[in-house]
Every structure is written in C-alpha cells, then in structure tokens.
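# Pasting a predicted model and its sequence here:
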Amino acid sequence: MSDADAPKDFIRQIVADDLEGGRHQRIITRFPPEPNGFLHVGHAKAICLNFGIAAETGGQCHLRFDDTNPVKEEEEYARAIEEDVRWLGFDWGEHLYHASDYFDTLYAWAEHLVENGNAYVDEQSPDLIREQRGSLTEAGQESPHRDRPTAESLDLFRRMKAGEFADGAMVLRARIDMASPNLNLRDPVIYRILHQAHPRTGDRWCIYPMYDFAHGQSDAIECITHSLCTLEFENHRPLYDWLVEHLPVPARPRQIEFSRLNLSFTVTSKRKLLRLVEQGLVDGWSDPRLPTLSGMRRRGYPPEAIRDFCHKVGVTKYEGVTEVALLEATVRDTLNPVTPRRLAVLRPLKLVITNYPEGHSETVEAPNHPGDAEMGTRQIAFGREVYIEASDFMQDPPKKYFRLAPGAEVRLRYAYNVTCDEVVRDTAGEVIELRCSYDPESKGGGGRKVKGIIHWVSAAAAVDAEVRLYDHLFNRPDPEQGGDYLDHLNPDSLEIVQAKVEASLADEDPLQRFQFERSGYFRRDPQQPERLVYNRVVALRDGWAKIQAKAKT
RNA sequence: UACCGGAUGGUGUAAUUGGCAGCACAGCAGGUUUUGGUCCUGCUAGUCGGGGUUCAAGUCCCUGUCCGGUAGCCA
C-alpha cells in the first residue's frame, strides 16, 4: 500500500492504467520459480514486484513452480523456495500452483494445435533440427515432416505420450514460420520425450512441455493479468502471444519484461551460485556471504531491509549494476533505530589499570540505545583488568589518531578515563598488555573531555565468543568480467576471530540482533545455536578507515 | 551482420507525459555527539552524438553511435 502519489515504475503505471481503463477489475500476478536452485536477491526483486503490485491493488499473487523439466528439478528446492518467500514477508494464501498441475490441459491443447494444423511431430535428430533453424541472419529450412497429415502427427504424438519412443526420438513442434527473424518462432519444440519420473506426477508422463508451451498457458489458466518476467524473455513474447491466440485459453495475460537485478562484488545467477556451492567454495546455499535469501537470512539481514532495497532499486528495462553499498546502507538504516547496543571486543588486548584497587569490581550503567532512552539501560561489570580492541592502541600514532598510545588518555565508554603509562611486549615484540592509570573522578563522563572514546569489556566478567566477519565474496565489483569469475574470489571474505563479549549476551534471545558499539551489527549464527558464534550482519560506516585510506594516497 | 530492447551525475532512479533536471547511495567539506556511529548542513557531479519541430525538448521527428538479448529437445 504505497503512496498513491508516489511515482510509479513503468509496470505499475501500466497496471494502474489497466485498472483505470476498466481492462481489469482485479490484478493477478505470479512469481514462477523453477525449483532447481535457491532464491537470491535478484528473485527478491521479482517477488517484491509481483506480490507488491498485488497487495497495492488489492489483487492476488500466485506462487507457481515452473516444474516442466524433471531432469533438473527437486522437491527440496521447492520447499526452500517457499520458506524464502515467506521469510521475505509474502503470502500466497491458497494460491500455490505448479505448471505440472496443468499437464492434462497442456496435453489437450497440444492436440488442439495439431488438429488445427498448427503443430506437427518431427522425428528428425536434435542436430538436424538445430541446423535447419538457420542462423541469426539466415532463414531456417522447413522440416520434411512439416506438412505431414494431421492424423499422422496426432497418432505419433499420442504414441509419444504412450511411451513408444525413446528420449529424443521425436518432438512436437509448433508450426509457425521458419523464416521469422525471431528464432523463437521458427517452429519451436513444444513437447519433448523425457522418460524421467517427475517429483509431483511420478511416472504418469514421459513427455513434458517446454517452457514456452507451459508458462503462458499456466498464466492464462490462472487468469494472470500481468505476467512479469526478466528481459531475456522479451524475444519469447511473440511466441507467448501466438500460443495464447491459437489456444482455447480462458484469459489473455500480458507479458511485461523488466531488467534483472545485478549487484556489484557478487554474482546473481543460479548457475554461478551452484558452482560455488558444488565446489565447496562456500558453506552451502546459505553461506552468509552469498546473495541467496537463505544466506542473507543466516547472516542476519532483516527481510524488511531487503524489501526496502528492492523498492529503492526500482523497476526499469535498463540493465545496470547496483552498488552493493546501497544494500548495506539499507540494512544499516533498518537496523540502526531498533537495535540494542552492546560492548564486544573483537581482537582483545589486555589493559590493566594499575591504580585501580586490587580485587575490587563495580558496575557501570550504559544505555541500550544512545538515541532512544525508551530502550532503557543496563549495568556492565567493570574491574581492574579489561580488554580493549587491539586496533585502539598504536605505539606511534599518526596525526589525528584519537585512541590509545603511550601517554595518551582516552575514555572507556560509559566508564572511566584511562591514560597509557606502559606497554608490555612479549619476546617477539608483540604488544600483549597495556598498563594504565585511571581517573576515579571521571566515572560516567566526569573528568577531562577527551577525543578518544573506546569500547571495552571486563576481563573477569566477559565471555568468549567466536565472531565471523564477512567481506565481499569477490574482490572486484564486476567478477563476471575478465575471465572466470572464480578467479576473482576474495580470499579474505571470511575472517573468524575469538572475541570477548559482555557476559549478558550469552543469555539473550539468539535471534536478537545487536550493535557491537563502534563495530557493526551482529547476530548469533542460527546454524550453530549450541555455541556462542556471531555473524557480522554489516559493519558500521568507518570514518577512521577513510581518513587512513586518504593518508596513504 | 537479422530481429528485439536499452542509453539521465561514479551507481540506482524521478521529471505532473512538451514547462525551473529532483531523490537516494557513493564521494567531499563542515556542525552536533561519551560510538571516527547516528543525526544535521552544504558541496561536487548528469540528459550518448548530430540535425530538426517549438516561445520552450530528457520528453516529439530524422539520423548516427554505443551497449545488451536471441540460433536448448533449459527456464
């Protein structure tokens, strides 16, 4: 239910015009995945478009599995797809369908085509048929069987269905125009023989309709008003329309194409994702680095952020590449106002407060959200020994480094100011401990104002946690360019660190997301609930990193 | 080189259908701030080229250029 005055994309404009002009009283769309892989962010765009239009216009959107090729499809994928669509926030109600639900009708319509001289059986080899199709610049040649008697084609087609012939022995072809400049119209194959059990229809069929002979008809059967698909089907529209015109269908759906979503630093192609999964380069389809819906779910992306992102990306026919930064910004914008804050040290460095009474401890109060007092406060344990972020100390700090350095003073957020008196190193010269003195008067914000404020956890009270830091899966924005995309995998896309976190975190709802202050948004990994493992959903914007990067150049 | 489609700042998009080229992300500068976060302010930057119609063109006409898709018994 978006604002009626908001600018509409070209598809919503068409839909609005059709409603206004009385062409349709009620809009029916559909999301038609093939159950041969997992859904990714590109599908999210299609889902948001189809379900979104239905919701905005008070219509309905069907979930329909395009399951016409049993060689490639699996029930497992279908279940995953249903889960993903639901998680994204959409509901198809009772409108769950399968192209395979229509196999009987489709078959009858194929016979209808034969009977009207609009289809024929061709027993030429696939190679020969391909040769005769011609080329992009040359017309095709007609099959010698093109003008065979209707009765003969009908007989052959029925025997195909009866299982008398082997796979590939013959096909049913629509009889259209071998000279058409659109190759899809050069007598396309519409039924092929596949002696393969189907996940839903079992062994009932050994012939299966091709996409072109199933999709538009399924749309028509379901009285889909607007059949929205991606640009690669543009050349199929004339065939889509031809079939709808030559068949006794109950409705005339209109196909409209839009450009698919491309994202920088990743790939959105089922085939390419499948390769990553099959070669074990990632942890399955739900690896948090993947742009799959299951991956983004595991990583902790809120579904509303993905919906918002799809909205921001818009709908056009221009094939561009959206910067992944937009997705990340959207996730931050979604999370920032509602996510409680906690302290967590990703790469711990021990800091000992030498003038803090031995054996003593206390608590400090911290707001759960500095911008939202209603989220309340909590008490955090503080003591003589704390951990701070290793990157919050530098022996020889550059200009404008506000954090700890020998002799420097910083505030331990929500606690005290400390000054670094001494740096302890191991035999290898690595900094292993900082010895500092604190200002007892500075608790909670008293004392000197300092530029540097760093986070910390009590060494005595903190608990250990594994934290997984994710970076882009590929190290270039256009991994598909320049050879094999697998050559551009980012070796640092996953970094695992042993962190120290506020003790209370262990008792929180495992699905709750937190902002670890100054670091990013995190949530526990739902795939290993028995351990304390956090996934970084997205990092905070890092102004210091930018200053450093600039200093380098 | 056939047919189809596309082209607005770095990126994604908008422009009441012929009337001041706007928004968001990114970038830059500054302000606020117990997160180098958030928030706020400002700035940088665009109609693919050439003609034409018009008082007025991103939008209409002509022409050119560049980019994408299509030759599965995949979807």
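Sure, I can see it.

# so what's the closest residue to residue A:330 other than its chain neighbours up against?
Leaving aside its chain neighbours, residue A:330 sits nearest to residue A:309 (4.4 Å; criterion: Cβ to Cβ, 6 or more residues apart in numbering). To be clear about C-beta, it is placed using only N, CA and C from the backbone, and glycine gets the same treatment. Residues near residue A:309 by Cβ atoms under 8 Å, 6 or more residues apart in numbering: A:41, A:44, A:326-327, A:330-331.

# Any chance of JSON lines for those, columns pLDDT, neighbour count and secondary structure?
Shown next, in JSON lines, are these (pLDDT from 0 to 100; neighbours: other Cβ atoms under 10 Å; DSSP: H, G, I helix; E, B strand; the rest coil):
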{"residue": "A:41", "pLDDT": "98", "neighbour count": "25", "secondary structure": "helix"}
{"residue": "A:44", "pLDDT": "98", "neighbour count": "26", "secondary structure": "helix"}
{"residue": "A:326", "pLDDT": "98", "neighbour count": "14", "secondary structure": "helix"}
{"residue": "A:327", "pLDDT": "98", "neighbour count": "25", "secondary structure": "helix"}
{"residue": "A:330", "pLDDT": "98", "neighbour count": "23", "secondary structure": "helix"}
{"residue": "A:331", "pLDDT": "98", "neighbour count": "23", "secondary structure": "helix"}
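
# Show me what from the stretch 1-150 of chain A comes close to RNA strand B.
A:7-10, A:13, A:32, A:34, A:66, A:68-69, A:71-72, A:124-126, A:129-130, A:133-137 (Cβ under 7 Å from any atom of the strand).

# and those, which are buried?
A:8, A:32, A:34, A:66, A:68-69, A:124, A:129, A:133-134 (16 or more other Cβ atoms under 10 Å).

# Could you point out the member of these that lies closest to residue A:431?
Closest approach between those and residue A:431, by Cβ to Cβ: residue A:34, at 55.3 Å.

# Could you say whether the closest one sits in a helix, a strand or coil?
When classified by DSSP: H, G, I helix; E, B strand; the rest coil, residue A:34 comes out as coil.

# Not counting sequence-adjacent ones, nearest residue to residue A:526?
residue A:298 (6.1 Å).

# after the helix or strand hosting that neighbour, next one along is what?
Using DSSP states H and E, residue A:298 maps to helix A:293-299. Heading C-terminal from helix A:293-299, the first helix or strand you meet, by DSSP H and E, is helix A:303-313.

# does that next one come close to RNA strand B?
Yes: residues of helix A:303-313 contacting RNA strand B under Cβ under 7 Å from any atom of the strand: A:312-313.

# Name the residues of that helix that come out as buried.
A:303, A:305-311, A:313.

# which bits of the stretch 301-450 of chain A sit near RNA strand B?
Counting by Cβ under 7 Å from any atom of the strand, the stretch 301-450 of chain A sits next to RNA strand B at A:312-323, A:325-326, A:329, A:332-333, A:336, A:341, A:369-371, A:400-403, A:411, A:413-414, A:443-445.

# filter those to the buried ones?
Applying 16+ other Cβ under 10 Å to those flags A:313, A:315, A:322, A:329, A:332, A:341, A:369, A:401, A:403, A:411, A:413-414, A:443 as buried.

# Residue A:256 reaches residue A:231, doesn't it?
No: with contact defined as Cβ atoms under 8 Å, residue A:256 does not count as touching residue A:231 (10.6 Å).

# Tell me which of these two has more neighbours.
The neighbour comparison of residue A:256 against residue A:231 (other Cβ atoms under 10 Å) goes to residue A:256, with 17 against 13.

# Determine the three-state secondary structure at the more buried one.
strand.

# Could you pull up the contacting residues of it?
A:11, A:14, A:226-229.

# and if you look at residue A:134?
A:140-141, A:178, A:183, A:186.

# List the contacts of the residue lying closest to residue A:233 once chain neighbours are set aside.
Among residues not flanking residue A:233 along the chain, residue A:257 sits closest, at 5.9 Å (Cβ to Cβ, 6+ apart). Going by Cβ under 8 Å, 6+ apart, residue A:257 touches A:228-231, A:233-234, A:237, A:317.

# ok, residue A:544 to residue A:518 distance?
Residue A:544 is 10 Å from residue A:518, where distance means Cβ to Cβ, to the nearest Å.

# neighbour-wise, which of these two wins?
residue A:518 (18 against 13).

# Test my guess that that one contacts residue A:539.
No: in this structure, residue A:518 is not within contact of residue A:539 by Cβ under 8 Å, at 10.2 Å.

# Now do the SS call for the closest residue to RNA strand B within chain A.
Nearest residue of chain A to RNA strand B, counting by Cβ to the nearest atom of the strand: residue A:320, 2.0 Å away. Following three-state DSSP, the label given to residue A:320 is coil.

# Leaving out sequence neighbours, find the closest residue to it.
Closest to residue A:320 by Cβ to Cβ, 6+ apart is residue A:262, at 6.9 Å.

# give the contact list for that neighbour.
Neighbouring residues of residue A:262 by Cβ under 8 Å, 6+ apart: A:42, A:268, A:319-322.

# Which of the three states applies to residue A:365?
Per three-state DSSP, residue A:365 ends up strand.

# what about residue A:522, distance to residue A:475?
For residue A:522 relative to residue A:475 (Cβ to Cβ), the value is 24 Å.

# more crowded one of these two?
residue A:522 (29 against 15).

# which residue sits closest to the more buried one, ignoring its sequence neighbours?
Using Cβ to Cβ, 6+ apart and skipping residues adjacent in sequence, the residue nearest residue A:522 is residue A:534, 4.4 Å away.

# How much space separates that neighbour from residue A:520?
10 Å.

# neighbour count winner among those two?
Each of residue A:534 and residue A:520 has its neighbours counted (other Cβ under 10 Å); residue A:534 has more, 26 against 23.

# for the strand or helix carrying the more buried one, packing partners?
Using DSSP H and E, residue A:534 maps to strand A:533-539. Strand A:533-539 is packed against helix A:293-299, helix A:324-335, strand A:463-470, strand A:520-524, with contacts defined by 3 or more Cβ pairs under 8 Å, 6 or more residues apart in numbering; DSSP states H and E.

# does RNA strand B sit close to that strand?
No: Strand A:533-539 does not reach RNA strand B (Cβ under 7 Å from any atom of the strand); its nearest approach is 9.4 Å.

# Could you list the residues in contact with whichever helix or strand comes after that strand?
Counting by DSSP H and E, the element after strand A:533-539 in chain order, helix or strand, is helix A:543-552. Here helix A:543-552 makes contact (Cβ under 8 Å, 6+ apart) with A:398, A:400.

# now do stretch A:286-299
A:38-44, A:80, A:83-84, A:87-88, A:263, A:266-268, A:273, A:276-277, A:282, A:285, A:300, A:303, A:306, A:468, A:470, A:472-473, A:493-494, A:523, A:525-527, A:535, A:537.

# In PyMOL, how would I select just the buried ones from those?
For anyone working in PyMOL, the buried entries among the contacts of stretch A:286-299, judged by 16+ other Cβ under 10 Å, can be selected with:
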select buried, chain A and resi 38+39+40+41+42+43+44+80+84+88+263+266+267+268+273+276+277+282+285+300+303+306+468+470+472+473+493+494+523+525+535+537
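
# if we can go back for a sec, report the buried members of the contacts of residue A:134.
Buried among the contacts of residue A:134 by 16+ other Cβ under 10 Å: A:140, A:178, A:186.
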